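1. one predicted model, sequence on top.
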Amino acid sequence: MSNSSLLKIVIAEPSVIVRSGLATVLKRLPNLNVHPIEVSAPDALAPCLHMHHPDIVVVNPIFGGWFDLPAFKTDNDTVETKYIAMVCSVIDANALKEYDEQFAICDDVDMLAAKINHLLHTEEEDKAFEQEQLSQREKEIITCVVKGMTNKAIADKLYLSIHTVITHRRNIARKLQIHSPAGLTIYAIVNKLVELSEIRDHL
């Protein structure tokens, strides 16, 4: 989702002060075009979702006494909608596991913006971002690794020192969180850095 897209966020909270305050904050978040939709009563939430199809629902976990998120999701097929718990009091952490994200009412604006931005990034966007972060040299080294080449052979082929090759491999592992040749092989095939035919002998 681009930052310029309209972001529909439902705020499910009984307190008008908290609800309207959060709506004001959401409208001021940098680089996000938020349209807040306020819901004050539990029985109005489901109709609101079906009418507006929001991207995110911010809900107080004690909305309506206790908000049963799993049951609500079952009754209302909103697969694309993300749920954020707005924690206003002490609550058992286990009760928040069903939520996609959570924030405390005392969190600052930057923290709230970061958590919303995190929810908006899809896995595909994250993978694309990861690959963009790899340098051309790092991609070449991945290709060599999955072809079964040693650090010395990679160094000779790319006219680098072995120390430089090792440094690149550490950076690749850190960026991709992949720490084995087998994992790099899968990554390289999925991201089209190599063809399966090029590495068949090494599988």
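-> Sure thing, it's come through.
2. lowest-pLDDT helix or strand in this protein?
-> The helix or strand of the chain with the poorest confidence is helix 123-133; it has a mean of 56 (mean pLDDT, DSSP states H and E).
3. what stretches of the protein score poorly on pLDDT?
-> 1-4, 78, 122-132, 198-203 (pLDDT under 70).
4. pretty sure residue 34 contacts residue 9?
-> Yes - with contact defined as CB atoms under 8 Å, residue 34 counts as touching residue 9 (5.6 Å). For glycine as for every other residue, the C-beta is placed from the backbone atoms N, C-alpha and C.
5. which of the two has more neighbours?
-> A count of neighbours by other CB atoms under 10 Å puts residue 9 above the other of residue 34 and residue 9, at 24 against 18.
6. what about the strands in the protein?
-> If DSSP state E is used as the criterion, the strands of the chain fall at 6-12, 33-39, 56-59, 82-87, 101-104.
7. quick one: which of those strands is nearest residue 76?
-> strand 56-59 (10.0 Å; CB to CB).
8. which other residues reach the closest one?
-> 7-13, 22, 45, 49, 67, 69, 81-86, 116, 119 (CB atoms under 8 Å, 6 or more residues apart in numbering).
9. let's see it at 6 Å
-> The contact list for strand 56-59 (CB atoms under 6 Å, 6 or more residues apart in numbering) reads 9, 10, 11, 12, 67, 81, 82, 83, 84, 86.
10. and those residues, which two are the farthest apart?
-> 9 and 67 (16.3 Å).
11. output the longest helix seen in the chain as CSV, nothing but the C-alphas.
-> Longest helix in the chain, counting residues (DSSP state H): helix 162-176. C-alpha atoms of helix 162-176 as CSV (Å, rounded to 0.1, in the frame of the first residue of the first chain):
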residue,chain,number,x,y,z
ILE,A,162,39.0,-14.1,0.9
HIS,A,163,38.5,-11.7,3.8
THR,A,164,36.2,-9.5,1.6
VAL,A,165,34.2,-12.5,0.5
ILE,A,166,33.7,-13.6,4.1
THR,A,167,32.6,-10.0,5.1
HIS,A,168,30.1,-10.0,2.2
ARG,A,169,28.7,-13.4,3.3
ARG,A,170,28.2,-12.2,6.8
ASN,A,171,26.4,-9.1,5.5
ILE,A,172,24.2,-11.3,3.3
ALA,A,173,23.3,-13.6,6.3
ARG,A,174,22.5,-10.5,8.4
LYS,A,175,20.3,-8.9,5.8
LEU,A,176,18.4,-12.0,4.8
